[in-house]
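[1] Next comes the sequence, and after it the predicted model I'd like to discuss.
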Amino acid sequence: MSSTPRPTVYIETYGCQMNVADSELMYGSLAAHGYDAVEAPDGADVILVNTCAIRDHAEQRVIGRLGELRRFMKADSIVGVTGCMAQRLGPKLLEKARHVSLVVGPDGYRALPQLIDNARNGERGIFTTFDLEEHYEDVTPRRTDPVKAWIPVQRGCDYRCTYCIVPHTRGAERSRQLHEVVREVRQVVETGTSEIVLLGQTVNSYNDGTNDFADLLRAVGSIDGVRRLRYTSPHPNDFSDRVIAAHAEVAAACEHVHLPMQSGSTRVLKRMLRRYSREEFLECVDRLRAAIPSLVLTTDIIVGFPGESDEDFEETLTAVTAAGFSEAFTFKFSPRPGTPATRMPPEEMIADDVAGERLQRLIQVVRAQSREQNIALLGARTEVLLERVAKDGELLMGRTRDWKTVLVPGHASLVNSYHMVELTGTTGSTFTGTFVQESAPSRQPLPMAS
């Protein structure tokens, strides 16, 4: 007798690592309700688009993609939009795209199986209610990365940066209990994954009522099998002496911090409501480097924020040099409806061509600084964790502990293994390398397919 095939689900993910983790949660929840994950939308029974709302460009990409996905639908396929854009737009998405049946915000993933069943009966569904108790502790994620595990430790945000939509799409900040995070990490390392990335909107403000982020770093870092420990994204205001000391003293904690600066001008930072000055940000950098001398810093920077003068922008350029960033994610200001920045006087809005010119200048400064730093590293030997086959199919891509990207020749079977590599060349941002033969690689078993 032939058994009835299980329904299939395809999830397309946009935005930050938190969205990646949320997609893994959705896959896990639906797997527990009889669904099989597929790698392409063609003919999938359920197609979900997990979205970002932090910039207008991201939302416009999703609207366009929703139109494209129509051609992959069967007659009875269910299409849904989840994540931050779903939370922000709610019923408007159902109006924009008539083939969309579900709109589900970040706190509604537990309801997905029932909403899908309802949609099969012709009922279009919306779930955008905030639930400040929701951490999905009883949902086992379906991990999509064989090398690193994304572990949310905090949801929501209590900061109110004037440009940022996140508090409106993810609600108030709340932290998981430390013992629940430890439980999940232990489960992960049992599958052979040895790199853990702790996630939160302002991750180093973590506090479960008893334990702070320093306690969390020490607890996770002490778990057998955790070889690399990262976290993103911290806020400069929440780097207490305890947190910095924990990062410096926990052996698994990598020598890299992604520290969003946003602007190098105190005047602009005040208007952004970032709650630190240029001097205080650079003091935080100095404290981190004093505790972790080999630390590599990356950052986020916005140009063209309302009222940003030429002098303000020049301060950003000099702050990039003073902080010694090795990489920066750079953006033009994108007004998000409902945020205070959209209510600033029209005459303070920066012309798009001016913002574009500033962005290009900033990119040039960051790239030149990165290239100079990386050239100085040529000939160094460093540990690399091989993460995947590179896009050209001929090389393997890996990362150093301090977040440098390295390409080496090798077979796909080496993915998820550690090797000592000599850095032999650089494009300015990416390294090429060769294995150091006398150093035996440390092999981590690939996890079992779920």
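    Nice, thanks for sending it over. Numbering: from 1, shown residues only.
[2] drop to CA atoms for contacts and neighbour counts, all remaining ones
    Will do.
[3] Going along the chain from the host helix or strand of residue 24, find the next helix or strand for me.
    Element membership for residue 24, per DSSP states H and E: helix 17-31. Counting by DSSP H and E, the next helix or strand C-terminal to helix 17-31 is strand 36-37.
[4] list the buried ones in stretch 314-333?
    For stretch 314-333, burial by neighbour count (16 or more other CA atoms under 10 Å) applies to 315-317, 319-320, 323-328, 330-333.
[5] Closest one of the residues you listed to residue 412?
    residue 327 (27.7 Å; CA to CA).
[6] Run through the residues that contact the closest one.
    297, 298, 299, 366, 367, 370 (CA atoms under 8 Å, 6 or more residues apart in numbering).
[7] same check, this time on residue 112
    By CA under 8 Å, 6+ apart, the contact set of residue 112 is 26, 30, 104.
[8] Let's see the pLDDT reported for it.
    Residue 112 is assigned a predicted lDDT (pLDDT) of 96.
[9] Next, the angle helix 17-31 makes with the host helix or strand of it.
    For residue 112, the host element (DSSP H and E) is helix 112-120. With axes from the mean of the first three to the mean of the last three CA atoms, to 10 degrees applied, the angle from helix 112-120 to helix 17-31 works out at 70 degrees.
[10] Can I get helix 112-120 in PDB, CA atoms only?
    C-alpha atoms of helix 112-120 as PDB (Å, rounded to 0.1, in the frame of the first residue of the first chain):
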ATOM      1  CA  LEU A 112       1.200  28.500  11.900                       C
ATOM      2  CA  PRO A 113      -0.100  24.900  11.600                       C
ATOM      3  CA  GLN A 114      -3.600  26.000  12.600                       C
ATOM      4  CA  LEU A 115      -3.500  29.000  10.300                       C
ATOM      5  CA  ILE A 116      -2.400  26.900   7.400                       C
ATOM      6  CA  ASP A 117      -5.200  24.400   8.000                       C
ATOM      7  CA  ASN A 118      -7.700  27.300   8.200                       C
ATOM      8  CA  ALA A 119      -6.300  28.700   4.900                       C
ATOM      9  CA  ARG A 120      -7.000  25.400   3.200                       C
END
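[11] tell me what the helix or strand following that helix is packed against?
    With elements assigned by DSSP H and E, the helix or strand that comes after helix 112-120 is strand 125-127. Judged by 3 or more CA pairs under 8 Å, 6 or more residues apart in numbering; DSSP states H and E, strand 125-127 is in contact with strand 100-104, helix 112-120.
[12] most packed of the ones you listed?
    Mean neighbour count (mean count of other CA atoms under 10 Å) peaks for strand 100-104 among these, with a mean of 26.
[13] what's the spacing between that one and its chain's center?
    Offset of strand 100-104 from its chain centre (CA atoms, centre = their mean, to the nearest Å): 24 Å.
[14] Same question for stretch 227-237.
    Centre-to-centre, stretch 227-237 and its host chain are 11 Å apart (CA atoms, centre = their mean).
[15] in it, what counts as buried?
    Buried, per 16+ other CA under 10 Å, within stretch 227-237: 227, 228, 229, 230, 231, 232, 233, 234, 235, 236.
[16] and the end-to-end length of that stretch?
    End-to-end span of stretch 227-237 (CA to CA, to the nearest Å): 28 Å.
[17] Let me know the average pLDDT across it.
    Mean pLDDT, computed over stretch 227-237, is 98.
[18] quick one on the thing from earlier: could I get the buried residues of stretch 227-237 as a markdown table with distance to residue 269 and secondary structure?
    Output for those, formatted as a markdown table (distance: CA to CA, whole Å; DSSP: H, G, I helix; E, B strand; the rest coil):
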| residue | distance to residue 269 | secondary structure |
| --- | --- | --- |
| 227 | 36 | coil |
| 228 | 33 | strand |
| 229 | 30 | strand |
| 230 | 26 | strand |
| 231 | 23 | strand |
| 232 | 21 | strand |
| 233 | 18 | coil |
| 234 | 17 | coil |
| 235 | 13 | coil |
| 236 | 12 | helix |
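[19] Determine which two of the residues you listed are furthest apart.
    Top of the distance list for the buried residues of stretch 227-237 (CA to CA): 227 and 236, 25.4 Å.
[20] so what's residue 438 scoring on pLDDT?
    In this model, residue 438 carries a pLDDT of 47.
[21] from here on, count from 600
    In the new count, where the first residue is 600, that last one comes out as residue 1037.
[22] Same list (the contacts of residue 926) but as a markdown table, adding secondary structure and neighbour count.
    What follows is those, written out as a markdown table (DSSP: H, G, I helix; E, B strand; the rest coil; neighbours: other CA atoms under 10 Å):
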| residue | secondary structure | neighbour count |
| --- | --- | --- |
| 896 | strand | 22 |
| 897 | strand | 19 |
| 898 | strand | 19 |
| 965 | helix | 22 |
| 966 | helix | 18 |
| 969 | helix | 19 |
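[23] how about the residues you listed in a markdown table, adding pLDDT and distance to residue 945?
    Formatted as a markdown table, the contacts of residue 926 follow (pLDDT from 0 to 100; distance: CA to CA, whole Å):
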| residue | pLDDT | distance to residue 945 |
| --- | --- | --- |
| 896 | 98 | 35 |
| 897 | 98 | 32 |
| 898 | 98 | 29 |
| 965 | 98 | 30 |
| 966 | 97 | 33 |
| 969 | 97 | 36 |
